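S.K.: predicted model and sequence below, questions to follow.
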Amino acid sequence: MRSVISGLTGVARGALWIALALAAFFAADSLIFRAGWYNAYLEPESSAGALEAQLYWLKNSTTPRVPEVLVIGDSRIAEGFSSRTADSATDRRLHFWNFGLGGTTPRVWYYTLRAADPTRRRFGVIAIGLDNYSDEDWFAQFEDRATDQNYLAMRLGPGDCVDFAMSMQSMSTRQHALFGCLFRGMVLRDDFQTFLAHPETRITHAGDWLKNGLGYTSGYGGLAENLGGLTVDWSKRTIRFPDGLNEATRANVMKFVLREPVPHTGELARYRKRWLGRILDLYRDSPTRLIFFQVPRGPLVDPVARTPREGRFVDAAGLAPRVDVLPSDTFTDLERPEMFADGLHLNRDGRPVFSTRLAEQIAAVLAGGSH
Amino acid sequence: MLFTTLNFCIFLAVVLALFYALPQPVRKYLLLAASLFFYMAWIPRYVVILLLLITIDYLAALWIESREGPRRHAALIVSLCANLGLLGWFKYANFARDTWFALLHPGTHVEPLAIILPLGISFHTFQSMSYVIDVYRKKQPAIRSYVDYALFVSFFPQLVAGPIVRAEEFFADYFHWKSPTAEEWQRGCAMILTGYIKKLVCADQFSLVADRYFADPAALPGLFPAWTGTLAFGLQIFFDFSGYTDIAIGVALLFGFHFPENFRRPYLSASVTEFWRRWHMTLSSWLRDYVYISLGGNRKGAWRTRLNLILTMLLGGLWHGASWTFVIWGAYHGILLSIERLVWGRQERTGISRIPLAAITFLLVTIGWVFFRAKTLAAAVFTIGQMFTGPAAGPSLLSAWQWYLAILTLAVALAEEYWQWLTRLAQSSIWVRTAAAVVALLVIELFTATDLSIPFVYFQF
């Protein structure tokens, strides 16, 4: 080997050394962030920390010997669904997990489910909450969301990197996604720096969260704010707020309730087909049922539908075996201001009603009843 | 295309791979094409200005070499007028116009002309001018090939912010090119990594403080904010600019070019004279060779020497930016140099006396940075006022971590200055060097100050 190396030109030896140094760097980065020990010290309130805590509880909690139901979604599920209430609503014949996480989208859900259920046999039901059955484009870009990587920092293996990066849209996001996937420290830099700044505080906080956080979240009652009295004149597109509403909530309601339509490009439809489609593929040969449902969309919903109802993702998904799609009007009666805390999230009055109803619907599906 | 972006890393990897894959005669075309592409990644049309200056200076040098008497003088004038004319228009037109109106029509509001400064014009014009002047002085033969000359001016590692490479240095490597050895590759990579650490970990960290303070000094009154804000800028500009040149030198080395050193731990200098021998060394030597000596240097008596020093530094200040604050900054350094010359002559300071003198020099240089960084003369005067007569109040803007970083970098500089710590590391076994590279990569990965891409300070010059 030594003679082979000494026979190379200076440039080839230099390039070889760079390759060696990069490989050693990858190994050092992996030792810190892939060996598993750092998961226990992630900031619980960070994107990666929140996701890793959910996976930790799932793996390490003792659960009753009843079918488990994992409810996955974004912050609307995190705020609007109570697993404790759902357990009670089914007389504990089912055990619910709330895997709602603010800011997550189907791409994150796919990788989360892959990690949460490696055998694809753990859950009786995976319930997936969609903000809207319509594939109407949203003002936010889903395909190019670089922040998805923040949640998945500890879940993407080297084999995922090219696929994950290529699923982004712009060249710069792809580059960042690729390098961030290969070298996890690039994504976890802020977390690592704040850990080093106050290690004792972090160790205590993270330890407490992993030990007791499931209890804290299960006992969470929901948001206290109430939009009762909110009215919208859809013809004039004007809004009347109840008294005492703070500026941040008003801005939130304006943003989401009186949402300006964006040109329909089919981006969301493609995105859902790709990532929700992957979730369907993941469970294709599994006994687990997949149930899609439309969450209560908002305190008041624009009566004018802007996109055609044909060709929606859920319509095609519902044809697959062991896949159910709850009717779109299942929860529309909850789309009232007094059930909401802001433009997106159910409040503490809406949360138990929605949780109970969802649990009952899922139980009915499992029992073979109609929905 | 900033050196600190992934785009640049990919660009560099591709150009390097092609460079060594192609036969040697073709490589210069590749480097020229890559350099022009690199330049055009900013504002493509400005490549015309670059090529225009290259063409004028290329032809002027050939003309100068082939003739004797006044006609070679005329060619020099044409070249200097072209370089200084374009530099003057793009960099100083608004400054001259503002000054004109302020003097003759005070109180008149003047809309600035919409002029965007071409990237790196201050550097490549100086590099070109030094070549033409050297040909005129018969110290450098004119370059026959347009491509060779164009590559000298536009070679991408040094195109935007130096170091200012002399033709003699560049063509010594170019015409006797040798493939870099494995050790040179490792040294080049080490320089690049050092540059990234200086820029991303140190400079950007201190820029957060300096930008906060100098955005509005009046909003942070008091002695402590003024001193810590200014100190932060002093650290930022050193790490920023020396980081850039480290990367430039390292990248050039990977292609087999040996660029001159540009910074040698300037904040350890025991006098302002020594500071300028260690800070932006290629500009200092340029100003010495083409301005100070042209003005007469030290050949015309003591007072004229001092005047020449002040004039040279004044021009150096103006080179950095078109504003009275830069003129004052240059004059301030010129006066300090003259005073030192008057008090100490050319005596070098050694031994233990260097410690207090280095502290005083650092203090003087730091005070000067106020004029360099402040947006307006009024802001600079306010900051200086706060530093010396302001109330002993206000917060220290530097966090504990930033103080640790400042002390750590001082320790590294001292270790290199007196024990050649980094030099010895570079000469150690391959395993130690590899381990050092891994540590450097981890430092860059984990301690980069911000996700924001903060441009290099010297890009604005």
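M.R.: Yep, it's here.
S.K.: pLDDT below threshold where in the chain?
M.R.: As the question left the chain open, I've gone with chain A. Under the criterion of pLDDT under 70, the regions of chain A flagged as low confidence span A:1-8, A:139, A:305-309, A:369-371.
S.K.: oops, I was thinking of chain B
M.R.: B:346, B:452-453, B:458-461.
S.K.: give me the nearest residue to whatever residue of the stretch 101-250 of chain B ends up closest to chain A, chain neighbours excluded.
M.R.: Of the stretch 101-250 of chain B, the residue with the smallest distance to chain A, taken as Cβ to the nearest Cβ, is B:Trp185 at 2.5 Å. To be clear about C-beta, it is placed using only N, CA and C from the backbone, and glycine gets the same treatment. Nearest in space to B:Trp185, with sequence neighbours left out and distances taken as Cβ to Cβ, 6 or more residues apart in numbering or on different chains, is A:Gly14 at 2.5 Å.
S.K.: what do you get for B:Ala331?
M.R.: Spatial nearest neighbour of B:Ala331, excluding adjacent residues (Cβ to Cβ, 6+ apart): B:Leu314 at 5.1 Å.
S.K.: ok, that neighbour - contacts?
M.R.: Listed by Cβ atoms under 8 Å, 6 or more residues apart in numbering or on different chains, the contact set of B:Leu314 reads B:Val327, B:Gly330, B:Ala331, B:Gly334.
S.K.: what's the helix or strand for it?
M.R.: For B:Leu314, the element it lies in under DSSP states H and E is helix B:302-320.
S.K.: relative to A:Pro287, which of the contacts of B:Leu314 is nearest.
M.R.: Top of the list for closeness to A:Pro287, among those and by Cβ to Cβ, is B:Gly330 at 78.8 Å.
S.K.: I'd assumed B:Gly316 was in contact with the closest one.
M.R.: Yes - at 5.1 Å, B:Gly330 and B:Gly316 qualify as touching, with contact defined as Cβ atoms under 8 Å.
S.K.: and the residue of the stretch 101-250 of chain B closest to chain A, how close does it get to B:Gly107?
M.R.: B:Trp185 is 61 Å from B:Gly107, where distance means Cβ to Cβ, to the nearest Å.
S.K.: who has more neighbours, those two?
M.R.: Higher neighbour count among B:Trp185 and B:Gly107: B:Trp185, with 24 against 6, using other Cβ atoms under 10 Å in any protein chain shown.
S.K.: got the contact list for the residue in the stretch 201-350 of chain B that chain A sits nearest to?
M.R.: Per Cβ to the nearest Cβ, the residue of the stretch 201-350 of chain B with the smallest distance to chain A is B:Leu254, at 7.7 Å. B:Leu254 makes contacts with A:Gly14, B:Leu12, B:Leu16, B:Pro180, B:Trp185, B:Gly188, B:Cys189, as judged by Cβ under 8 Å, 6+ apart.
S.K.: what's the fourth one sitting at in phi/psi?
M.R.: B:Pro180 adopts backbone torsions of phi -60, psi 150, taken as degrees, to the nearest 10.
S.K.: can you tell me the element B:Phe170 falls in?
M.R.: Assigning secondary structure by DSSP H and E places B:Phe170 in helix B:167-175.
S.K.: quick one: check that helix for contact with chain A.
M.R.: No - using Cβ under 8 Å from any Cβ of the partner chain, we find that helix B:167-175 stays clear of chain A, coming within 14.9 Å at best.
S.K.: so where do the strands sit in chain A?
M.R.: When secondary structure is read from DSSP state E, chain A shows strands at A:68-73, A:95-100, A:125-130, A:231-233, A:238-240, A:289-294, A:323-325.
S.K.: turn the ones you listed into JSON lines, including mean neighbour count and distance to chain B.
M.R.: Compiled in JSON lines, those are given as follows (neighbours: other Cβ atoms under 10 Å in any protein chain shown; distance: least, Cβ to the nearest Cβ, whole Å):
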{"stretch": "strand A:68-73", "mean neighbour count": "24", "distance to chain B": "28"}
{"stretch": "strand A:95-100", "mean neighbour count": "24", "distance to chain B": "27"}
{"stretch": "strand A:125-130", "mean neighbour count": "25", "distance to chain B": "31"}
{"stretch": "strand A:231-233", "mean neighbour count": "13", "distance to chain B": "38"}
{"stretch": "strand A:238-240", "mean neighbour count": "12", "distance to chain B": "36"}
{"stretch": "strand A:289-294", "mean neighbour count": "22", "distance to chain B": "35"}
{"stretch": "strand A:323-325", "mean neighbour count": "21", "distance to chain B": "40"}
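S.K.: so which of those strands is nearest A:Ser83?
M.R.: Taking Cβ to Cβ as the measure, these were each checked against A:Ser83, and strand A:95-100 came out nearest at 4.0 Å.
S.K.: run the angle between that closest one and strand A:68-73 for me.
M.R.: With axes from the mean of the first three to the mean of the last three Cα atoms, to 10 degrees as the basis, strand A:95-100 and strand A:68-73 are set at 20 degrees to each other.
S.K.: close to chain A: what parts of chain B are there?
M.R.: Applying Cβ under 8 Å from any Cβ, one finds that chain B approaches chain A through B:6-7, B:10, B:20, B:179-186, B:188-189, B:254, B:401, B:430, B:434-435, B:437-438, B:441-442, B:445-448.
S.K.: angle of the lengthiest helix in chain B against helix B:167-175?
M.R.: Using DSSP state H to assign secondary structure, the helix with the most residues in chain B is helix B:223-254. On the basis of the same axes, to 10 degrees, helix B:223-254 is oriented at 40 degrees to helix B:167-175.
S.K.: if you count neighbours, what's buried in whichever helix or strand comes after helix B:223-254?
M.R.: Reading on from helix B:223-254 to the C-terminus, the next helix or strand found by DSSP H and E is helix B:272-278. For helix B:272-278, burial by neighbour count (16 or more other Cβ atoms under 10 Å in any protein chain shown) applies to B:Val272, B:Thr273, B:Glu274, B:Phe275, B:Trp276, B:Arg278.
S.K.: mind listing what the third one touches?
M.R.: B:Glu274 makes contact with B:Glu348, B:Arg349, B:Thr361 under the criterion Cβ under 8 Å, 6+ apart.
S.K.: the first one belongs to a helix, doesn't it?
M.R.: Spelled out, that is B:Glu348. No - when DSSP: H, G, I helix; E, B strand; the rest coil is applied, B:Glu348 is found to be coil, with no helix at that position.
S.K.: stretch A:171-181: how far from the chain's middle?
M.R.: With Cα atoms, centre = their mean, to the nearest Å as the basis, stretch A:171-181 stands 20 Å off its chain's centre.
S.K.: B:Arg341 is in what secondary structure piece?
M.R.: Counting by DSSP H and E, the element that carries B:Arg341 is helix B:324-344.
S.K.: what does that helix rub up against?
M.R.: Here helix B:324-344 makes contact (Cβ under 8 Å, 6+ apart) with B:99, B:271-273, B:276, B:302, B:305-306, B:309-318, B:320, B:364, B:368, B:371-372, B:374, B:376-377, B:380.
S.K.: then stretch B:73-83?
M.R.: Applying Cβ under 8 Å, 6+ apart, the external contacts of stretch B:73-83 come out as B:52-53, B:56-57, B:60-61, B:63-64, B:67, B:125, B:128-129, B:132-133, B:136.
S.K.: hang on, the earlier thing: any chance of the contacts of B:Leu254 in TSV, with secondary structure too?
M.R.: Shown next, in TSV, are those (three-state DSSP):
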residue	secondary structure
A:Gly14	helix
B:Leu12	helix
B:Leu16	helix
B:Pro180	coil
B:Trp185	helix
B:Gly188	helix
B:Cys189	helix
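S.K.: among these, which ones are buried?
M.R.: Taking 16+ other Cβ under 10 Å as the criterion, what is buried in those is A:Gly14, B:Leu12, B:Leu16, B:Pro180, B:Trp185, B:Gly188, B:Cys189.
S.K.: quick one: which of the residues you listed is nearest to B:Ser242?
M.R.: Of the buried ones among the contacts of B:Leu254, the one sitting nearest to B:Ser242 (Cβ to Cβ) turns out to be B:Gly188, at 16.2 Å.
S.K.: cheers, nothing more for now.
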